[in-house]
Every structure is written in C-alpha cells, then in structure tokens.
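Asker: Predicted model and sequence below, questions to follow.
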Amino acid sequence: MGWFKRNKDGITTSTKDKKETPEGLWHKCPKCKVIHSVDDHAKHMWVCSNCGHHDRINAAEYFTFLFDDGKFTELNPKMTSGDPLKFEDTKKYTDRYAASVKKTGLNDAVTTGYGKLNDQDIVIACMNFNFIGGSMGSVVGEKIARAIDHSIKYRKPFIMISKSGGARMMEAAFSLMQMAKTSAKLALLGKEGIPYVSLLTDPTTGGVTASFAMLGDINISEPGALIGFAGPRVVKETIGKDLPEGFQTAEFLLEHGFLDFISERKHLKKKIGSFLGMVSPENETEAVATK
C-alpha cells in the first residue's frame, strides 16, 4: 500500500548535498544562441564555432594572440584622466571613472604596448570597450599619441585596434581635440614612411571613426563589425530616406571601398604579418635606416 501513501517529506535533497553550477563556465552566443563552454570559446579566439559570430574582446585578449607568445611591454600603464570640466549629470564623472577602474582593472579605454608579431617589432594600441564604452577622452588620445611617438623613434610599424562608442562627452572639447592630435601624429608617422595598420572592430563609431580609425595605410575589419560615424537612426532622420540593407556593417563598407579587406580573427596575425613583411621599415636600405 506504500504506493498509495503520500510521503509528507516527498523526494528531497539536503542542502549540504545540493550542488550549484558555478557562474562563468558557459557562454551563450548572442547571435545563434548556441551554448559553448568558456574554455572552448576562448580556444576559438572568442568566435562562435557554430555561426562565426565575433564577440567583443579587449586588449588583454587581442594581445594574447597578436604578440608572439603573448609577450609585450606596456606603454604608459599608469596614465589616468582628470576632471577638468567638473562634469556632473546624473552621476559625477569622477565617480563613474573610479567605478570603471575598479570594475575593469584598467586605467582607461586604451592599452598600448610593444613586442613582436611574427618576429617583427611592432607597436599596438587597442581600445577596451568595457571601459566607459571605449570612449575617447584625453588619456586615450595621449596614450595613442605616445605609442605613435614610440613607433617613430624606434621605426616600428603601428597597429591600431579600434572599438569605441566615440568621443567621451564628459570631457567635451578636451575629447574632441584628440581627433586632431592623433591624426597629426599619424601624419608624422606617414612622413617617416612607417606603416600604419588600422583594424576596425565592433563597434567603431563617432569621433574615432572620423579620425585615426580610417587613416590606416591599410584598413581592415573583422566580419560583421558595426562601423560608422552617426547611428543609423540619426542618418535616416537626417537624409529622410530608408537605409540600404546591411548599412554600416563591415561587409557594406568593403563593398563601397572604405575597407581593404575583412579578416576572421584566426587569420589576423598571419595577414597583418604578411603585409608588414612587405612594407616594414626593417626592409629599408641602410641609407634610409641610418637617416
């Protein structure tokens, strides 16, 4: 008759026997919704093995596979931003800045460093989108400018990896001036005949697109990246017309001549290395090298 008796306790598991699934073990692709383990996702360079969606990653991740053995020397790691405008809105800029530093472990939205890529000396500046949307403030502009100075001084090719929501509004004109400063530094780099590779990743927008991101000797992108100045809604309202399908994607820009090529993340190092192997200052004649 035990089958017909209700067990008051039911089927239970004691609290001490319950096992919680640790957080951070799985990654769900935002495009196809397929779930992968975090370790497998990292092995695929943070690209979905099912649909090929390229997740947003920051300097720490890019540096692991672009620099040989992931080894590099960071430039100006302690540079931090001030608050010259005493900007206050719903939250003080200083409070938001401090919260971003604490959350990300970074001092600002760009990391710069030098090392080797396929045994070639190289300088890389990479933006960190998780730091206030990769916005360009005075520190971002200054660190990029100093990285370019390092490239010029030691005649090393320069790679810029852009990923940004645009200018940092909390610094107003101080932010906007970084467009002119970085562009001027790149003009000096070009005058010295030192290669500049611009890699545009998702998303690259605003003042970053309007300045250093589109000034490369070669402009490349990862698949599906959003690249533009103003957002699609603003553009549509301005011109009063519907936008073409795929507007502001990397593929659309490639078709219209704004990019030289699109490369999957797993091929980036090889393709950049091949380009630099052809144009590197190391291949200059001795007369130019001793200028």
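Answerer: Happy to help now that I have it.

Asker: all strands for the chain, in order.
Answerer: Counting by DSSP state E, the segments of the chain that form strands are 26-28, 35-37, 72-75, 110-117, 120-127, 158-164, 196-204, 218-221, 261-262.

Asker: Measure how far stretch 150-157 is from the centre of its chain, please.
Answerer: A distance of 22 Å separates the centroid of the chain from that of stretch 150-157, by C-alpha atoms, centre = their mean, to the nearest Å.

Asker: Repeat that for stretch 43-54.
Answerer: The gap between where stretch 43-54 is centred and where its chain is centred comes out at 16 Å by C-alpha atoms, centre = their mean.

Asker: who touches it?
Answerer: Residues from elsewhere that reach stretch 43-54 (C-beta atoms under 8 Å, 6 or more residues apart in numbering): 29-32, 34, 36, 40-41, 55, 57, 61, 65, 201-202, 222-225, 264-266. In this view, the C-beta of every residue, glycine as well, is placed from N, C-alpha and C.

Asker: what residues go with each domain of the protein?
Answerer: Structurally, the chain divides into domains by automatic domain parsing as follows: 22-55, 56-289.

Asker: Just list whatever residues bridge to Thr204.
Answerer: Thr204 forms beta bridges with Ser164, Ile227, as assigned by DSSP bridges.

Asker: quick one: contacts for it?
Answerer: Shown here is Thr204, whose contacts under the criterion C-beta under 8 Å, 6+ apart are Ser162, Lys163, Ser164, Ala213, Ala225, Leu226, Ile227, Gly228.

Asker: Could you rerun that using 10 Å?
Answerer: Listed by C-beta atoms under 10 Å, 6 or more residues apart in numbering, the contact partners of Thr204 are 127, 129, 134, 161-166, 198, 213-214, 221, 225-229, 248, 250.

Asker: how close does the residue lying closest to Gly137 once chain neighbours are set aside get to Gln178?
Answerer: In space, not counting the residues next to it along the chain, Gly137 is nearest to Arg168; the distance is 3.8 Å by C-beta to C-beta, 6 or more residues apart in numbering. The spacing between Arg168 and Gln178, counted by C-beta to C-beta, to the nearest Å, is 9 Å.

Asker: Likewise for Asp260?
Answerer: 25 Å.

Asker: can you check Gly190 too?
Answerer: 18 Å.

Asker: Also Leu189?
Answerer: Applying C-beta to C-beta, the value for Leu189 to Gln178 is 16 Å.

Asker: higher neighbour count, the two?
Answerer: Remark: of Leu189 and Gln178, Gln178 carries more neighbours, 26 against 20, as counted by other C-beta atoms under 10 Å.

Asker: Thought Glu142 was touching the more buried one, still the case?
Answerer: Yes - with contacts defined as C-beta atoms under 10 Å, Gln178 counts as touching Glu142 at a distance of 7.7 Å.

Asker: how distant is the longest helix along the chain from the center of its chain?
Answerer: With residue count as the measure and DSSP state H as the assignment, the chain has helix 172-191 as its longest helix. Its chain's C-alpha centre and that of helix 172-191 lie 19 Å apart, by C-alpha atoms, centre = their mean.

Asker: quick one, it and strand 120-127 angle?
Answerer: Helix 172-191 and strand 120-127 meet at an angle of 160 degrees, taking axes from the mean of the first three to the mean of the last three C-alpha atoms, to 10 degrees as the criterion.

Asker: in helix 172-191, what counts as buried?
Answerer: By 16 or more other C-beta atoms under 10 Å, the buried positions in helix 172-191 come out as Phe174, Ser175, Leu176, Gln178, Met179, Lys181, Thr182, Lys185, Leu186, Leu189.

Asker: what mean pLDDT does it have?
Answerer: Model confidence over helix 172-191 averages 96 on the pLDDT scale.

Asker: Check which helices and strands that helix is in contact with.
Answerer: Using 3 or more C-beta pairs under 10 Å, 6 or more residues apart in numbering; DSSP states H and E, the elements in contact with helix 172-191 are helix 138-154, strand 158-164, strand 196-204, helix 206-209.

Asker: Show the contacting residues for Lys71.
Answerer: Counting by C-beta under 10 Å, 6+ apart, Lys71 makes contact with Phe63, Thr64, Gly113, Gly115, Lys116.
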